[in-house]
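Novice: here is a sequence with its predicted model. Questions after.
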Amino acid sequence: MQSGSRTGARRRRDGRLALALSACLAACATEPPGRTEPATASSAPDAAAAASAAFEPSASSASQATAAVAEPRPAEPGAPFFEADAPDDWLPRRTAAAVGLDPEALARLVADAAASDSDALVVLRGSELVVERYFGRPRGPIETRSLTKSVVALGVLALVADGAISSLDAPLATFFPALWAGDKAAITLRHVLTHTSGLASTESGAELDAAPDRLAYALARPLVAPPGQRFAYSNEATALLSGVVAAAAGRPVDAYLAERLFAPLGIRDVAWARDRAGHVQTYFGLRIGARDLARLGMLVRDLGRFGGRALLPPELVRAAVTPSAREPSYGLLWWLRTPLAWTPARAAALARTGFGATDALAPLLGRRFASEQLFFDAARPLLDARADEALRAVRRGGMALLEPEPSAASAFFGVGALGQRLVVYPAAELVVVRQHRRRAADATRSAAVTWVELFARVEDLCPGLAP
C-alpha cells in the first residue's frame, strides 16, 4: 500500500488539481436555499484559464482546503461500511479484504465522506458491494448538477448506436436547420460534447438560468471562436443537447433514456428539471439515487455491457472516455484521469508558437505527469519569471502542452457541484459514488472537502491505481 508520506504528497498534488477543476463547479455553489434549480449553474471559463488561475492559488484558499481534509471525522468502530438497518436487496455484500481492498483505506474513505457531510457513498468492486452508506439521512434521488452532462452523453451514444444520429461528427444544424444559414453551420455534435463549439458562454451562467426558454437562448449565442479550436466549458452549448435528443429520438431526453438505458439497468426513480418552456434540461437537472448512479458507472466501466446485455457498442463508450483533441483531461462530457507526457512533438509545437525558452524544458522530455499542474511545478525552476508567464499564456490560449496517454488512463469520472461524484477505475473494476444534497449555508464546504481527498483515498484502496 502507499506510505503515509506518499499519500500526503498526492493529497497536496491533487489539491491544486482540485482548485482547477472546481472552477467548473464554483458557480453552482451560490445557489439560494430552497431552489431546485441552480441560480448559477455549473458554468466555467475554459479549462486553460481555470487551470491558470489554480496555478497560483491564494495561501488562504489552499490552506483552507488542506485544513478541511486534514482531520476527517473518524469512522465509527467496526468499519461501518453498511447501514445497520439498510436492506440487503441489491448486489452481494463483501468485506474489503474479500475483494482485495485495504480495509483501513476504505475506512478512511468512509470517514472523509462522513466529515464532508455526505448523503450517500457507494463503492463497488466488480459486481460486489463493499460500501453503501447514507449517514443517517434518507435514501433517494439527489440532484446531480453537472454530472447530468455525463449521463446525457450516454443517451447521445445510444442514439448513434441506434442509427438515429448518423455520427458524432454530424453537424448541429442537422437538428436545428436554421443553423445551416450562418457561421454556426460548422459546429458538430462532437464539438458540443467536447466543449469546443465556439459558442459564447458565461462564467456565471445566470443569463442561461434566467431564460424562460433555455434552448432558444443557447441557440442564439454568437460564435466567438472557430468550432473545434478551443476548449471552453459551456453550459450553454450542452443545453442544446435537449433539442438534439428530442429531434433525433422523437421524444424528450427523459423519455428516451427511461426506455433505452434506464429500464434495462433497473433505474426507475429519477426526475429531470425543465425550463419554463418545457424543455428537459441537459446541462444539469437529473435527480437520481446512489445505487442508480453506480449502475451507470458499471455500464461505462464494462464498455456498454450490463447484466449480460450489450446496451451500447464498446467503441462508442471508449470514445467517450478517450482524451479529446483540445483538452487531454476530457472526453465526451466525461473527465479523465490520464497520464500526460512532455514529448518532443509537443516541444516542437510550443516552439512554433514563438515561445523562446523551449530548450530550457529539455530536462522534462519523456517525463510523465499525473496532472498539468505537476508539469508547471516542474517547469517553473527551469524558467525565468517572464518565460513562466509566457508558458501559461500559451496554455490559456488553448494549446495542450502535454501529450495524453489514453491507454494508461487510470480513471474517468463525472462531477457536479456540491460534491456529486461518479468515479470509475476500470482496471480495478471500481465504481465510487458520492452525493450531497443542497442545504442552506453549506454550498461550498462539501465540494471543497471531497475533491481534494477523493482520488488519494480511492487510490489507497489497492496498488497501481494512481496514474
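Specialist: Thanks, I have it. Numbering: from 1, shown residues only.

Novice: leaving out sequence neighbours, find the closest residue to the most centrally placed residue in the chain.
Specialist: Taking C-alpha atoms, centre = their mean, the centroid of the chain lies closest to residue 414, which sits 3.3 Å from it. Nearest-residue entry for residue 414: residue 150, 3.3 Å, with adjacent residues in sequence omitted and distances by C-beta to C-beta, 6 or more residues apart in numbering. No exception for glycine: its C-beta is placed from N, CA and C like everyone else's.

Novice: confirm that neighbour sits in a helix?
Specialist: Yes - counting by DSSP: H, G, I helix; E, B strand; the rest coil, one finds residue 150 located in a helix.

Novice: follow-up on the earlier one: just read off the phi/psi values of the residue nearest to the centre of the chain.
Specialist: Residue 414 adopts backbone torsions of phi -110, psi 140, taken as degrees, to the nearest 10.

Novice: who's it bridged to?
Specialist: Taking DSSP bridges as the rule, residue 414 bridges to residue 422.

Novice: so it makes contact with residue 334?
Specialist: Yes - counting by C-beta atoms under 8 Å, residue 334 is a contact partner of residue 414 at 6.2 Å.

Novice: joint contacts of the two?
Specialist: residue 150 (C-beta atoms under 8 Å, 6 or more residues apart in numbering).

Novice: so how far is residue 169 from residue 269?
Specialist: In this view, residue 269 and residue 169 are 35 Å apart by C-beta to C-beta, to the nearest Å.

Novice: which one of the two is surrounded by more residues?
Specialist: Ranked by neighbour count (other C-beta atoms under 10 Å), residue 269 and residue 169 place residue 269 first, with 13 against 9.

Novice: mark out where each domain of the protein begins and ends.
Specialist: 1-339+405-467, 340-404 (automatic domain parsing).

Novice: ends of the last one, what's the gap?
Specialist: Across its full length, domain 340-404 reaches 4 Å between end residues, using C-alpha to C-alpha, to the nearest Å.

Novice: mind listing the strands for this protein?
Specialist: If you assign secondary structure with DSSP state E, the strands in the chain sit at 120-125, 128-133, 142-143, 271-272, 286-288, 305-306, 309-310, 335-337, 340-341, 368-369, 403-404, 411-416, 420-425, 430-435.

Novice: for the last one, which strands pair with it and how are they oriented?
Specialist: Neighbouring strands of strand 430-435 in its sheet, by DSSP bridges, are strand 120-125 (antiparallel), strand 420-425 (antiparallel).

Novice: ok, back up a step: the residue nearest to residue 414 against residue 421, yeah?
Specialist: No - contact criterion C-beta under 8 Å: residue 150 and residue 421 do not qualify, at 10.8 Å.

Novice: what is in contact with those two at once?
Specialist: residue 414.

Novice: just the helices in the stretch 251-400 of the chain please.
Specialist: 253-257, 263-265, 290-301, 314-320, 344-352, 372-379, 385-396 (DSSP state H, counting those that start in this stretch).

Novice: and residue 376, what's its pLDDT?
Specialist: At residue 376, the pLDDT value in this model is 90.

Novice: what about it, how many neighbours?
Specialist: Counted with other C-beta under 10 Å, residue 376 comes out at 22.

Novice: do the same with residue 313
Specialist: 15.

Novice: and the one 10 residues further on, by the same measure?
Specialist: Around residue 323 sit 20 other residues, with neighbours defined as other C-beta under 10 Å.

Novice: and it, how far from residue 113?
Specialist: 29 Å.

Novice: same thing with residue 320?
Specialist: Relative to residue 113, residue 320 is positioned 27 Å away (C-beta to C-beta).

Novice: thought residue 433 was touching residue 118?
Specialist: No - using C-beta under 8 Å, residue 433 is not in contact with residue 118, being 10.1 Å away.
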